[in-house]
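# structure for the following, please:
(chains A and B)
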Amino acid sequence: MRNYLLPVIGLWTVCQSSVAVERQTGVDEQSQLPYWQISDQGMSLRLVQRLPAQTRGFFLARGFTAEQAERIAQSCVFQTVFKNVSHDTASPSPLSYDLRDWVVTYAGQPQGMKVREDWAKEWQAEKVSKPVQLAFEWSLYPTQQEYKPGDYNWGMSIFNLMPDAEFDLKIVWRQFGETRHETIEKMKCAADIELPPAEPF
Amino acid sequence: MKRILLLSLFVLTVAGGTQASAADKQTLPVLANPFPAPDFELKGEDGDTYRLSDYRGQVVVMNFWATWCPPCREEMPAMERLWGKVKDKGIVILAVNVGEDADTIFEFTGHYPVSFPLPMDQDGKVIADYPVKGLPTTYIVDPAGRVTHRAVGSRAWDDPKLIAVLMRMRAQGAGGPVRLEP
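Residues are numbered from 1 along each chain as shown, chains lettered A, B, ... in the order given. Prediction:
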């Protein structure tokens, strides 16, 4: 029996590694903007460009001044969906991450993302009203999160780069009892052009 | 050798199949450490006042949402269908809007008609009392007032398996956590 099991286990390992990471890039059907996606048997992360015009309009409508909305819009914003898809596997597992562990490499220089807490300091210093801060906070992707199987979020992530900048993104997450990391190469911030989006958010 | 190949094929099929159907399966994670639901009193979009503790003895589906949030919008019709099936069975939906005003919510309900209560947490004080990190997040509060389940992201709330969990919680009262059947 042992002789039979060994090749099966070997094949399982190969199989696991072959589905370990799947990468996709293309044009998002809904927004008609470029996306980058990475997934394996436990997780799925999709990052879709947002045009500065979309982001500017969104935050102007939520009470930010023109200067503040422009500052956010010019900071390289992506629509982000991160899912724990392990619930249909043999061993569902929680997934956790902290965006402060993720690394943005632009022109050879590593830097961090600009997360909720970084922006909150700016808004507090500028005495932005509480409802406006609240709208911003909940629009942004959570800095830290633990997803049980089947859980996911949807929100904006901000890479603090200029429009049209090309960068690599190292993502880090923990699942199945280990810390994983993968790098998505040659991502690109949206250019500052006017294109009517199919969906406002 | 034939047996090894068959076994290997089975393993490959199982491994390949896990990805395809993952998106469709419902989950309702049980909290490892249930906690007492912080009470609140909020004005609803309809002008009525909603106090969580008024629903003690019932099961409360407490959803935090906003009109601009796509997955929040996505799950509203399913939540309305759930409401149609459970509203006279000791199960309540309180969909707490975060940070928006009555006009914005009223406009939203023109596109997404719902008939369950929409309390407004305009200053974010209620959501700050709960460990919410992203919208939508839905908590299930048992008849004893304890938060027992958390779902992050949208769900098909009218799925019979999810409804069965709520009904069993209602029937069971303050018993242990009810798990979603596979």
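# what residue lies at the spatial centre of chain A?
residue A:80 (4.1 Å; C-alpha atoms, centre = their mean).
# next structured bit after the helix or strand encompassing it?
Using DSSP states H and E, the element containing residue A:80 is strand A:77-84. Next helix or strand after strand A:77-84 toward the C-terminus (DSSP H and E): strand A:95-98.
# list the contacts of the closest residue to chain B within chain A.
Per C-beta to the nearest C-beta, residue A:150 is where chain A lies closest to chain B, at 2.9 Å. From N, CA and C alone the C-beta is placed, and that goes for glycine too. By C-beta atoms under 8 Å, 6 or more residues apart in numbering or on different chains, the contact list for residue A:150 reads A:84, A:85, A:87, B:25, B:26, B:27, B:29, B:151, B:153, B:155.
# and with 10 Å instead?
A:83-88, A:92, B:22-23, B:25-29, B:151-153, B:155, B:180 (C-beta atoms under 10 Å, 6 or more residues apart in numbering or on different chains).
# which residue ranges form the strands in chain B?
Along chain B, the stretches classed as strands by DSSP state E are B:30-36, B:41-43, B:49-51, B:59-65, B:91-98, B:120-121, B:137-141, B:146-152.
# what angle separates the fourth one from strand B:91-98?
Between strand B:59-65 and strand B:91-98, the angle formed by their directions is 20 degrees, by axes from the mean of the first three to the mean of the last three C-alpha atoms, to 10 degrees.
# does strand B:59-65 reach chain A?
Yes: contact between strand B:59-65 and chain A, assessed by C-beta under 10 Å from any C-beta of the partner chain, occurs at B:64, B:65.
# that strand pairs with which strands, parallel or anti?
Strand pairing for strand B:59-65, using DSSP bridges, gives strand B:91-98 (parallel), strand B:137-141 (antiparallel).
# give me the mean pLDDT for the longest one.
Confidence over strand B:91-98 (mean pLDDT, whole number) is 98.
# any idea how far apart the tips of stretch A:34-51 sit?
10 Å (C-alpha to C-alpha, to the nearest Å).
# any chance of JSON lines for the strands paired with strand B:59-65, columns mean neighbour count?
Output for those, formatted as JSON lines (neighbours: other C-beta atoms under 10 Å in any protein chain shown):
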{"stretch": "strand B:91-98", "mean neighbour count": "24"}
{"stretch": "strand B:137-141", "mean neighbour count": "24"}
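# quick one: which of those strands is nearest residue B:112?
Residue B:112 lies closest to strand B:91-98 among these, at 10.7 Å (C-beta to C-beta).
# tell me how far that closest one lies from the chain's centre.
Centroid separation for strand B:91-98 versus its chain: 9 Å, with C-alpha atoms, centre = their mean, to the nearest Å.
# residue A:30 versus residue A:184, what's the distance?
Remark: distance between residue A:184 and residue A:30 (C-beta to C-beta, to the nearest Å) = 20 Å.
# more neighbours: these two, which one.
residue A:184 (17 against 12; other C-beta atoms under 10 Å in any protein chain shown).
# can you tell me the helix or strand for the more buried one?
strand A:178-188.
# could I get the full set of strands for chain A?
Along chain A, counting by DSSP E, strands occupy A:22-27, A:34-39, A:43-49, A:77-84, A:95-98, A:103-106, A:109-111, A:144-147, A:152-158, A:166-175, A:178-188.
# deepest of those strands, which one?
Comparing these on average neighbours per residue, with mean count of other C-beta atoms under 10 Å in any protein chain shown, the densest one is strand A:77-84 at a mean of 24.
# may I have the strands that pair with that strand, each with its orientation?
Counting by DSSP bridges, strand A:77-84 is paired with strand A:43-49 (antiparallel), strand A:152-158 (antiparallel).
# dump the ones you listed into CSV; add mean pLDDT and distance to residue B:123 as well.
Output for the strands paired with strand A:77-84, formatted as CSV (pLDDT from 0 to 100; distance: least, C-beta to C-beta, whole Å):
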stretch, mean pLDDT, distance to residue B:123
strand A:43-49, 98, 31
strand A:152-158, 97, 21
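# who wins for proximity to residue B:130 among those strands?
Smallest distance to residue B:130 across the strands paired with strand A:77-84 (C-beta to C-beta): 15.4 Å, for strand A:152-158.
# how far off strand B:146-152 does the closest one point, in degrees?
Going by the same axes, to 10 degrees, strand A:152-158 makes 60 degrees with strand B:146-152.
# in the chain, where is pLDDT below threshold?
Answering for chain A, as no chain was given. Chain A contains residues with pLDDT under 70 at A:1-19, A:195-201.
# my question was about chain B, not that one.
For chain B, the stretches with pLDDT under 70 are B:1-24, B:175-176, B:182.
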